[in-house]
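>>> sequence first, then the predicted structure:
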Amino acid sequence: MGRELPLSRTRNIGIMAHIDAGKTTLTERILFYTGKTYKMGEVHEGTAEMDWMEQEKERGITITAAATTCFWKNTRINIIDTPGHVDFTMEVERSLRVLDSAIAVFDGVAGVEPQSETVWRQADKYNIPRICFVNKMDRIGADFEKCLGMIKDKLFAVPLPLQIPVGSEENFRGVIDLVRMVAYFWEDAEGSDMAEDQVPEELRSKADKYRDAMIELIAEYDDEIMEKYLEGIELKTEEIKKAIRKVTTEAGFFPVLCGSALKNKGVQPLLEAIVDYLPSPADIEPVSGHDVNDYEKMITRKASDKEPFCGLIFKIQSDPHVGRLTYLRIYSGAIRTGETVLNVIENKKERINRFLRMHANNREEIKEAHTGDIVAVVGLKTVRTGDTLSDISNPILLEKMEFPDPVISIAIEPKTKADQEKLITSLKRLEDEDPTFHVDNNSDTGQIIISGMGELHLDIIVDRLFREFNVKANVGNPQVTYKETITKKSHSEYKYEKQMGGKNHFGHAAISIEPAGSGAGFIFENRLVPGTIPKEYIDNIKAGLKDSLESGVLAGYKTDDVKVILTGASYNEQDSIDTAYRIAANMAFKDAARRAEPSLMEPIMSLEVVTPDEYSGDVINDINTRRGKIEDINFRGELKIIKALIPLSETFGYATSVRSMSQGRASHTLQFSHYEIVPKNITDNIIGRMSGLFY
């Protein structure tokens, strides 16, 4: 199999930022200047190529991570434009999991915003090299140096400025390249003609100062640069570029560039930086995974077409034209259509029917895919997000992705019997696409309950059901997804002895339970003397305990943050069977939980309100009435930044409320923080109104 370009000429990048920092606008400019598109799409006009969903065009936000491929300087750049809204954070997470690097876009006025911090931490989790792009330098209040300070102070990162702006706000004209010590200007409206000129005299000393600081920072990690710098030897451009690439990929420094995507300034130098400084798949560590025959043993695959094939499925999407699309990042090997691979999790073979290279929702069919490629596969039947595909004779299991539990639910019911089957089928397809969207049936009421990460998330799901899947349904009010926990220690045991079908069934388990601490989840500890019961029955006891966590004793919510210690069990050689131990453990836990002072836990949101100072008193009072706790109050210019923690149940309709308090001048962001025990009086109210999810 042949590839168009060597692996070293491939870049897999994500574009990430806080909502409204200009990610999609920047992506549209990249596509225009690389010749992928012939007209610039605009988010505010609903014409952005990458925001292809109707819901994205109407709201002017990115909802689903869209993939595309373009070329610059003989380099293939695979781009994923990710959402900025907190409800779709997991779209960012699963994209970063398969990318090699990213562009972090910052608003030149607001700097580092709450969701900027979230996506930055996500990128930290996967050790992804990043370039920072300070956007909107033409806006009133834009401040490049303030943004650099915020990257240091808020993200605890080391910014490496490679440019400084020429002018700012309405006088922003271009940038000074500190590597080559030249200025770039864009005079035409489309920004296609980038003129190179000398550094303006009035900015010469400032540019020299920034360049010296840049070289000093690089020299700390590059002995050759340090030696020449100390000896006063003039450094060549290629030497500096090589050193920047090294510190970006190895030392965790973050090159910073600036511009205005909307005004078409600064995009071509960013493309140059992507090619010059970000790693190819060959530059990153070989991917590691579990040996399927010995889970504890880790094995690696180098980024090479000659290695056995392996890839990770990071996204599933329903396409009205071709059906189920499976997005795949190939880490090693190469594969053609018609070949068969192994779904390692399910241990089932899958045939590759078609490969597609995606451009948002448009597609180009290709016959083969190689190491480093991000492609869509048509026709896979058994796969889910996070599954590994590999060579049949050389299987490897890559690390799965972890997704958080939903925090908000609504009930939905079909309007007619004819809509019932269509609703269930459509919800199953949406659940396949989105691992943070869950569908459950309430056994007590018979209602279908759908759950997600926020009001907007569920609003989009319902909108898609109505429009894309043509389902007619009634929808209830949003409901918080509570959890249950225990607040004290307790002990119980249960012996299950029953005769069924003429055979005795026996199982016995004794347990003690105690609070495990916030965020600890379920902890199981076996304190049985080895040999007390066969090992497989211990696994059945653990499974029975997990069963009991699914429905709590207080109000039927999932139980969490509990430690269970298996303290006793007995065994009957004639009558012991696995299901009996599972039932015994389940019953013992339910009994212990009732006596361990069970309590509800509610999702707590991190709230940030940016408001003119004159409205801050009203905003703070309103937060207090909503059971919120003020954490921090700061100033950003004339604006007050109020940070608080607030229960999710108190935030419904908050957008309208904060707009009305501030005459439309305040903005806010809400982000899930953690679960916390609900006060007793609120718990009684919640349990009292458990019935009636519908209007």
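Sure thing, it's come through. Numbering: from 1, shown residues only.
>>> does Asp405 belong to a helix, a strand or coil?
Here Asp405 is recorded as coil under DSSP: H, G, I helix; E, B strand; the rest coil.
>>> for it, give me phi and psi.
Main-chain torsions, Asp405, degrees, to the nearest 10: phi -70, psi 150.
>>> check this protein for me, the residue farthest from its geometric middle.
Ranked by distance from the centre of the chain (C-alpha atoms, centre = their mean), the top residue is Gly502, with 53.6 Å.
>>> what's the spacing between that one and Ser576?
Using C-beta to C-beta, to the nearest Å, we find Gly502 at a distance of 17 Å from Ser576. Placement of C-beta: from N, CA and C, glycine included.
>>> okay, now Ala17: neighbour count?
Ala17 has 29 neighbours, counted by other C-beta atoms under 10 Å.
>>> re earlier: enumerate every residue touching the residue farthest from the centre of the chain.
With C-beta atoms under 8 Å, 6 or more residues apart in numbering as the criterion, no residue contacts Gly502.
>>> repeat that for His18.
Applying C-beta under 8 Å, 6+ apart, we find His18 in contact with Gly84, Phe106, Asp107, Ala110, Glu113, Pro114, Gln115, Ser116, Val119, Thr669.
>>> now, which of those residues sits nearest Ala411?
Taking C-beta to C-beta as the measure, Ala411 lies nearest Thr669 of the contacts of His18, at 27.4 Å.
>>> wait, the closest one touches Pro114, no?
Yes - Thr669 sits in contact with Pro114 when judged by C-beta atoms under 8 Å, with a separation of 4.6 Å.
>>> the closest residue to Val344 other than its chain neighbours pairs with what?
Distances taken as C-beta to C-beta, 6 or more residues apart in numbering place Thr388 nearest to Val344, at 4.3 Å, with adjacent residues excluded. Beta bridges link Thr388 to Leu312 when assigned by DSSP bridges.
>>> and Thr388, how many residues sit next to it?
By the measure other C-beta under 10 Å, the count of residues near Thr388 is 24.
>>> need the contact list for it.
Thr388 makes contacts with Gly289, Cys310, Gly311, Leu312, Ile313, Asn343, Val344, Ile345, Ile396, Leu397, Leu398, as judged by C-beta under 8 Å, 6+ apart.
>>> in strands, which of those fall?
Gly289, Cys310, Gly311, Leu312, Ile313, Asn343, Leu397, Leu398 (DSSP state E).
>>> residues in contact with the second one?
The contact partners of Cys310, taken as C-beta under 8 Å, 6+ apart, are 287, 289, 301, 330-333, 388-391, 396, 398.
>>> pLDDT weak spots in the stretch 51-200 of the chain?
For the stretch 51-200 of the chain, residues meeting the criterion pLDDT under 70 lie at 51-66, 83-89.
>>> 90 instead, please
Filtered on pLDDT under 90, the stretch 51-200 of the chain yields the residue ranges 51-70, 79-98, 110, 112-126, 154, 168-170, 187-194.
>>> Tyr615 and Val609, how far apart?
Distance from Tyr615 to Val609, by C-beta to C-beta: 9 Å.
>>> those two: which is more packed in?
Val609 (26 against 18).
>>> helices or strands up against the regular element (helix or strand) spanning the more buried one?
In the assignment (DSSP states H and E), Val609 maps to strand 598-612. If contacts are counted by 3 or more C-beta pairs under 8 Å, 6 or more residues apart in numbering; DSSP states H and E, strand 598-612 sits against strand 483-486, helix 616-625, strand 639-647, strand 667-677, helix 680-688.
>>> what would those look like in TSV with mean pLDDT and distance to Met181?
As requested, these are exported to TSV (pLDDT from 0 to 100; distance: least, C-beta to C-beta, whole Å):
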stretch	mean pLDDT	distance to Met181
strand 483-486	94	58
helix 616-625	94	45
strand 639-647	92	36
strand 667-677	85	39
helix 680-688	80	63
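>>> of the contacts of Cys310, which is the most crowded?
Counting by other C-beta under 10 Å, top hit in the contacts of Cys310: Tyr331 with 29 neighbours.
>>> part of a strand, is that residue?
Yes - according to three-state DSSP, Tyr331 belongs to a strand.
>>> what pLDDT does it get?
Note on Tyr331: pLDDT of 94.
>>> ok, back up a step: now render the contacts of His18 as JSON lines, adding distance to Tyr126, neighbour count and secondary structure.
Formatted as JSON lines, those follow (distance: C-beta to C-beta, whole Å; neighbours: other C-beta atoms under 10 Å; DSSP: H, G, I helix; E, B strand; the rest coil):
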{"residue": "Gly84", "distance to Tyr126": "18", "neighbour count": "28", "secondary structure": "coil"}
{"residue": "Phe106", "distance to Tyr126": "20", "neighbour count": "28", "secondary structure": "strand"}
{"residue": "Asp107", "distance to Tyr126": "24", "neighbour count": "22", "secondary structure": "strand"}
{"residue": "Ala110", "distance to Tyr126": "25", "neighbour count": "24", "secondary structure": "coil"}
{"residue": "Glu113", "distance to Tyr126": "21", "neighbour count": "23", "secondary structure": "coil"}
{"residue": "Pro114", "distance to Tyr126": "20", "neighbour count": "20", "secondary structure": "helix"}
{"residue": "Gln115", "distance to Tyr126": "17", "neighbour count": "23", "secondary structure": "helix"}
{"residue": "Ser116", "distance to Tyr126": "17", "neighbour count": "26", "secondary structure": "helix"}
{"residue": "Val119", "distance to Tyr126": "11", "neighbour count": "27", "secondary structure": "helix"}
{"residue": "Thr669", "distance to Tyr126": "23", "neighbour count": "19", "secondary structure": "strand"}
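>>> so which of the residues you listed comes closest to Lys472?
Gly84 (32.0 Å).
>>> can you give me the helices for the stretch 451-600 of the chain?
Along the stretch 451-600 of the chain, counting by DSSP state H, counting those that start in this stretch, helices occupy 455-467, 535-549, 578-594.
>>> just the ones you listed: most buried one?
Ranked by mean neighbour count, those are led by helix 578-594 with a mean of 22 (mean count of other C-beta atoms under 10 Å).
>>> show me what the strand or helix carrying Met358 is packed against.
Using DSSP H and E, Met358 sits in strand 354-359. Other elements packing on strand 354-359 under the criterion 3+ C-beta pairs under 8 Å, 6+ apart are strand 66-72, strand 323-332, strand 362-366, strand 374-378.
>>> contacting residues around that strand?
With C-beta under 8 Å, 6+ apart as the criterion, strand 354-359 contacts 36, 49, 66-69, 322, 325, 327, 337, 363-369, 375-379.
>>> flag the shaky bits of the stretch 301-450 of the chain, pLDDT-wise.
313-327, 345, 353-366, 374-386, 399-450.
>>> burial count for the closest residue to Glu525 other than its chain neighbours?
Excluding the flanking residues, the one nearest Glu525 by C-beta to C-beta, 6+ apart is Ile565, at 4.7 Å. Look at Ile565: counted by other C-beta under 10 Å, it has 17 neighbours.
>>> is it true that Ile565 touches Ile541?
No - taking contacts as C-beta under 8 Å, Ile565 lies outside contact range of Ile541: 11.5 Å.
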